[in-house]
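> dropping the sequence and predicted coords here.
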Amino acid sequence: MSKVNHIAIIGAGVAGLAFAIFARKQGIKVTIYERNSHFSSIGAGVTLWPNAMFVIKQMGLINKFSQLGGQPSFMRQFSRADTQHAEFDIKALNSTSGFPTITILRRDLISILARELKSLSATIHFNRSINTEDIHQLKKQFDLVIGCDGRMHSAARELLYPNTVLPKYQGFINIIGISKMDLAAFNQSIHDYRNKTERFGIVPVANNLCYWAAAWPSKIDKTKQIDDWYNEMRLRFKNWPEKIQTVFNYSEQNSIKQLFVHDLDPLPYWHNENLLIIGDAAHAPLPTSGQGASQALEDVWHLSQILNKGEQLETVLKRFYETRINKTTTAQQIGRQVAKQIFTQQPSQDSATPEVSVTQLSQLYMQGLNEV
């Protein structure tokens, strides 16, 4: 074991909770600082691809995720006129990769992780918004401080890159939500509707729940209220396929949020001394990558394994960055490429995303992941 006995984690999201679980199982003390008054579940839902489920299995939680999540068989792409353009065989990907793909509401994902961590006796301080000055003190108090404080306002990243690294707005808005409805018509498939520069995705989960996202190019406008954005969305998609209208009719109103979608450029380092950033704080990709939560979970797995080798902290943190930077950069690049293809098409275009084979995607997702 490296000389890390007590770790401070800033942020109780996916990365923070998951890493705390691994650390506690390795006998490391953990103290988490969360800015909210409770575990936050910002975002509607998450698709956990086989690489994420590899990590979930190492945590011993794969059965719990399978009970609450959906297991889609296909991802199908449609035009506004409901004509199918493409189909990706998720079952084949799962078979090739050796792990399932699970779709799950973010609130359920966080709940599973939080319950597991509670059984491991970590210390969690809610209503603790940590700034850069606080981090200076934490660095003196703890052996390692890990910033898992998100893409938009990461104090840990700000301390590493004072006034030099800002999230980049990529020119489109997401309206997200959750609906409870009969999912039989979806036939266990993720539905992706596209037309010119607009997109609507529907992801079945389980228990007749689905999460969805509407997206289109937009300037940032923080003066508009969520009701105004919701009404604009209804107008934009009112003549789209019936499944979308059904999603609207059965949406949970308190689940609907608007997100001006940002990501990060790849960073040249993620640590200084005993401060490290992981997850979205270090390498936030666009949602069009499909890999935000999955790459955060991979961070957690690799960091826990490298810590367990008993090397000096500086060696550990350098090796962690070297292990992760190429794969996280690839996820960021893919997210931008897909977003560009969707949101900057010429009006005459209505083409499907270039095909990627099951083998290629499996090799990409499972790169660097080995059973222990």
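Nice, I can see it. It should be emphasised that the depicted structure is a prediction, and the values quoted were computed from it without experimental measurement.

> what's the following helix or strand after the lengthiest strand in the chain?
Secondary structure of the chain read by DSSP state E shows that its longest strand is strand 168-180. Reading on from strand 168-180 to the C-terminus, the next helix or strand found by DSSP states H and E is strand 189-195.

> could you list every helix and strand in contact with the following helix or strand past that following strand?
Next helix or strand after strand 189-195 toward the C-terminus (DSSP H and E): strand 198-204. For strand 198-204, the elements it packs on are strand 189-195, strand 209-217, helix 242-249, judged by 3 or more Cβ pairs under 8 Å, 6 or more residues apart in numbering; DSSP states H and E. For the C-beta atoms, the positions are set from N, CA and C on the backbone; glycine is no exception.

> include mean pLDDT, mean neighbour count and distance to residue 50 when you put those into JSON lines, please.
What follows is these, written out as JSON lines (pLDDT from 0 to 100; neighbours: other Cβ atoms under 10 Å; distance: least, Cβ to Cβ, whole Å):
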{"stretch": "strand 189-195", "mean pLDDT": "97", "mean neighbour count": "22", "distance to residue 50": "15"}
{"stretch": "strand 209-217", "mean pLDDT": "97", "mean neighbour count": "23", "distance to residue 50": "20"}
{"stretch": "helix 242-249", "mean pLDDT": "97", "mean neighbour count": "16", "distance to residue 50": "26"}
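
> wait, which of those is closest to residue 9?
Proximity to residue 9 (Cβ to Cβ) singles out strand 209-217 among the helices and strands packed on strand 198-204, at 26.5 Å.

> what's the angle from the longest helix seen in the chain to strand 209-217?
Longest helix of the chain, by residue count under DSSP state H: helix 313-343. Angle, helix 313-343 to strand 209-217, by axes from the mean of the first three to the mean of the last three Cα atoms, to 10 degrees: 70 degrees.

> just checking, what packs against helix 313-343?
Helix 313-343 sits against strand 168-180, strand 209-217, strand 257-263, strand 271-272, helix 280-283, helix 292-307, with contacts defined as 3+ Cβ pairs under 8 Å, 6+ apart.

> could you check the angle it makes with strand 257-263?
When the same axes, to 10 degrees is applied, the directions of helix 313-343 and strand 257-263 differ by 110 degrees.

> list the buried residues of helix 313-343.
Neighbour counts using 16 or more other Cβ atoms under 10 Å place 313, 316-318, 320-321, 323-325, 327-328, 330-332, 334-336, 338-339, 341-343 of helix 313-343 among the buried residues.

> in the very next helix or strand once past that helix, what counts as buried?
For helix 313-343, the succeeding helix or strand toward the C-terminus, using DSSP H and E, is helix 358-366. Neighbour counts over helix 358-366 (16+ other Cβ under 10 Å) mark 358, 361, 362, 364, 365, 366 as buried.

> residues contacting residue 298?
If you count contacts by Cβ atoms under 8 Å, 6 or more residues apart in numbering, residue 298 has them with 51, 52, 55, 324, 327, 368, 369.

> in ChimeraX, select just the buried ones from these.
Command for ChimeraX that selects the buried part of the contacts of residue 298, burial taken from 16+ other Cβ under 10 Å:
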select :51,52,55,324,327,369
